[in-house]
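Trainee: return a 3D structure for these sequence lines:
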Amino acid sequence: MLENSETRDEILSDSRDALDSLSAYFTKLRDITFSNVEQIPLNATRFSVRDMLEDVIAKTHLPSCKSVEIKIIPDDDITINADFIHLSNIMSNLIENSIKYSSDNVEIDIDYRITDNLATISVTDNGFGISAKDISHIFDKYYRVPSHNDVPGMGLGLTYIKMLVEAHNGTINVSSKPGQGSAFTITIPQT
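Mentor: Predicted structure coming up:
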């Protein structure tokens, strides 16, 4: 195996991706233990939203049992000031949820823009959707939509996302209809 450079490079790449995922998981666990968002350490830098999204999409595990189409809507790019790793984790979690909570044909649209010093990123899917009574609880720690308990999860992902968005002094909103999908929109102030 060591003599075949193509195989070796593939294994090393897969190992790097697995270590990145494990590192992101431990970061999530660390951050979720903080009692308030002011304690979450941020390393804000300027970066391209499109490049970040393309990187997240490239690293997303696509299940072989589903057809997944992820589209980045704008052709142009914007740069924002935020914590690159945390925002990547937010986007990764939203995309993974869109895939998990959808049928076999998954369509995800990602839109972004800056208006009045607010960066807005939306992830819209054609998934199962969320009822109005569940929407008010989805950001609660350990809450899982009862009708989707057959989908693996711990009920921490959306809690984590909300904490990270609030650590950026931002907001997260969701609109959803059962059977029609969901749209999660985050806004992060830009200075």
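Trainee: show me what the strand ranked longest in the chain is packed against.
Mentor: Across the chain, the longest stretch assigned as strand under DSSP state E is strand 105-115. Under the contact criterion of 3 or more CB pairs under 8 Å, 6 or more residues apart in numbering; DSSP states H and E, strand 105-115 touches helix 49-59, strand 67-72, helix 84-100, strand 118-125. Heads up, the C-betas are built off the backbone N, CA and C, glycines and all.
Trainee: switch to 10 Å and redo it
Mentor: helix 49-59, strand 67-72, strand 79-83, helix 84-100, strand 118-125, strand 181-189 (3 or more CB pairs under 10 Å, 6 or more residues apart in numbering; DSSP states H and E).
Trainee: any chance of those in JSON lines, plus mean neighbour count?
Mentor: As requested, those are exported to JSON lines (neighbours: other CB atoms under 10 Å):
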{"stretch": "helix 49-59", "mean neighbour count": "16"}
{"stretch": "strand 67-72", "mean neighbour count": "14"}
{"stretch": "strand 79-83", "mean neighbour count": "20"}
{"stretch": "helix 84-100", "mean neighbour count": "21"}
{"stretch": "strand 118-125", "mean neighbour count": "21"}
{"stretch": "strand 181-189", "mean neighbour count": "20"}
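Trainee: could those go into TSV alongside mean pLDDT and distance to Gly170?
Mentor: Shown next, in TSV, are these (pLDDT from 0 to 100; distance: least, CB to CB, whole Å):
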stretch	mean pLDDT	distance to Gly170
helix 49-59	95	14
strand 67-72	97	20
strand 79-83	96	9
helix 84-100	93	10
strand 118-125	98	8
strand 181-189	97	4
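Trainee: let me have those in CSV, extended by distance to Ile161.
Mentor: Output for those, formatted as CSV (distance: least, CB to CB, whole Å):
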stretch, distance to Ile161
helix 49-59, 13
strand 67-72, 18
strand 79-83, 13
helix 84-100, 5
strand 118-125, 10
strand 181-189, 8
